[in-house]
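Visitor: pasting the structure only:
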């Protein structure tokens, strides 16, 4: 960017070199020169308006670009490998919950897995874990790692006791 002092110097030199003082000209030439200077001023104002319009257009385009990026991110779902990782994390969490509550994973693990999957589907408003948005992968992992249900654990323990007869 040219500093204002250099710009002023260039403008002064340009006017001195190419544009004689209006008083030194014949009346017809002076009218032509003044008309030319008026047109330059109008062009400068038009250019300033165009630059402002371009600036607004750039802001609108940037805003639209951000909206499209968010839309694309919301529609991209986890990869197959990420879906398998979530499935393994759900199974591991269900196993840990069974161990914590003294339950047999083979008997009640599915109930924990189903409850965790249901919470994931509800949290992301998706029909299946494979439809979780890719940007929500970390959130899904956190949800799985922190998932717990005292009520479900108690219900499953009671059911196990009823089956065993104690």
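Guide: Happy to help now that I have it. Predicted, not measured: the structure shown is a model, and the values here were computed from it.

Visitor: report the helix or strand with the lowest average pLDDT across this protein.
Guide: Of all helical and strand segments in the chain, the minimum by mean pLDDT, DSSP states H and E falls on helix 4-18, at a mean of 57.

Visitor: can you name the element that comes right after that helix?
Guide: helix 27-75 (DSSP states H and E).

Visitor: just checking, what packs against the helix or strand following that next one?
Guide: Moving toward the C-terminus from helix 27-75, the next helix or strand (DSSP H and E) is helix 80-100. Secondary-structure packing of helix 80-100 (3 or more Cβ pairs under 8 Å, 6 or more residues apart in numbering; DSSP states H and E): helix 105-124, helix 137-146. For the C-beta atoms, the positions are set from N, CA and C on the backbone; glycine is no exception.

Visitor: and the last one, which residues are buried?
Guide: Right, the one you point to is helix 137-146. Using 16 or more other Cβ atoms under 10 Å as the test for burial, helix 137-146 gives 137, 140, 143, 144.

Visitor: okay, angle between that helix and helix 105-124 too, please.
Guide: 140 degrees (axes from the mean of the first three to the mean of the last three Cα atoms, to 10 degrees).

Visitor: what does helix 137-146 contact?
Guide: Defining contact as Cβ atoms under 8 Å, 6 or more residues apart in numbering, one finds that helix 137-146 is touched by 78, 82, 86, 89-90, 93, 116, 119-120, 123-124, 129, 132.

Visitor: still on that earlier bit, nearest to residue 29, of the helices and strands packed on helix 80-100?
Guide: Nearest of the helices and strands packed on helix 80-100 to residue 29, taken as Cβ to Cβ: helix 137-146 at 74.6 Å.

Visitor: state the distance from the residue sitting nearest the centre point of the chain to residue 61.
Guide: Nearest residue to the geometric centre of the chain (Cα atoms, centre = their mean): residue 70, 4.6 Å. Distance, residue 70 to residue 61, using Cβ to Cβ, to the nearest Å: 15 Å.

Visitor: roughly how far apart are the residue in the chain sticking out farthest from the centre and residue 35?
Guide: Ranked by distance from the centre of the chain (Cα atoms, centre = their mean), the top residue is residue 26, with 64.8 Å. Residue 26 is 14 Å from residue 35, where distance means Cβ to Cβ.

Visitor: give me the below-cutoff pLDDT ranges for the chain.
Guide: By pLDDT under 70, the low-scoring segments of the chain are 1-25, 30, 33, 166.

Visitor: break the chain into its domains for me.
Guide: 4-75, 80-164 (automatic domain parsing).
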